[in-house]
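**Q** Quick one, what's the 3D model for this:
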Amino acid sequence: MLKAVIFDMDGLLVDTEKLLQRFWVEAARFYGYPMEKEHVLQIRSMSAKLAGPLLQRIVCEDFDYPKVRLKRLELMNAYIAENGIEKKKGIDELLDYLDTTGLKKAVCTATDDKRTKLYLESIGIYHRFDKHISGNMIENGKPAPDIYLYACEQLGLAPNECIALEDSPNGITSAYDAGCMPIMVPDLSQPDEVTKPKTIAVCESLDKVIDVIKTMI
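**A** Reported below is the predicted structural model:
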């Protein structure tokens, strides 16, 4: 029986994936690394200890992940401070619906807890979740299943009682391997032939998830 819905954050609740893509490229090129937008797609929601070696393989072997990441944070934080963050389509409709069902709600993001709170408070929804699980709370980040297993533990539920909403392949893999029921809400890319079979549904926006949930409760 469905008892909870667990949400990714970047690219799903807040429209930050396009900013991450932009500022990863700008930060890398600031240091002379030939990073492209396509490279950023491969590290969405990925833990730093996996993303660093991957970028050394696909961008250049001397890619300094910690240095570029700090520059990316500097650029992105400055942009957000000036322009704010946009919320993704359908959030309010889905949260309002979930409030009528009694299902638990959690956020499960690779972003650290400080920025998670900042981002979600800026769009007025931080208080609407029962739990907030961030990447700095677990040892192995996405695509490992650890963060979803921890989220389910914090909710007091089994993974197969939880839907997981994700926009990226790494997030879908994390949720799937944890035993959750993944639904993909694509942001920068559509599910490929590896990702789609791991999902129970693909929805174009968060409000469309309501129809899927109605069939499960």
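**Q** So what touches the longest helix along the chain?
**A** Counting residues, the longest helix found in the chain (DSSP state H) is helix 65-83. If you take C-beta atoms under 8 Å, 6 or more residues apart in numbering as the criterion, helix 65-83 is touched by 16, 19-20, 23-24, 26-28, 30-31, 33, 35, 48, 51-52, 55-56. (Each C-beta comes from the backbone N, C-alpha and C, glycine too.)
**Q** I'd like the average pLDDT over it.
**A** Mean per-residue pLDDT for helix 65-83: 96.
**Q** next structured bit after that helix?
**A** helix 91-99 (DSSP states H and E).
**Q** all strands for this protein, in order.
**A** With DSSP state E as the criterion, the chain has strands at 4-7, 104-109, 131-134, 162-166, 181-184, 201-202.
**Q** Gln42 is nearest to which of those strands?
**A** strand 162-166 (15.3 Å; C-beta to C-beta).
**Q** Can you give the strand pairings for that closest one, parallel or anti for each?
**A** Here strand 162-166 has these sheet partners by DSSP bridges: strand 4-7 (parallel), strand 181-184 (parallel).
**Q** Show residues contacting the last one.
**A** Think strand 181-184. Contacts for strand 181-184 (C-beta under 8 Å, 6+ apart): 2, 160, 162-167, 171-172, 175-176, 191, 195-196, 198-203, 209, 212.
**Q** Just the buried ones among these, please.
**A** 2, 162-167, 171-172, 175-176, 191, 195, 198-199, 201-203, 209, 212 (16 or more other C-beta atoms under 10 Å).
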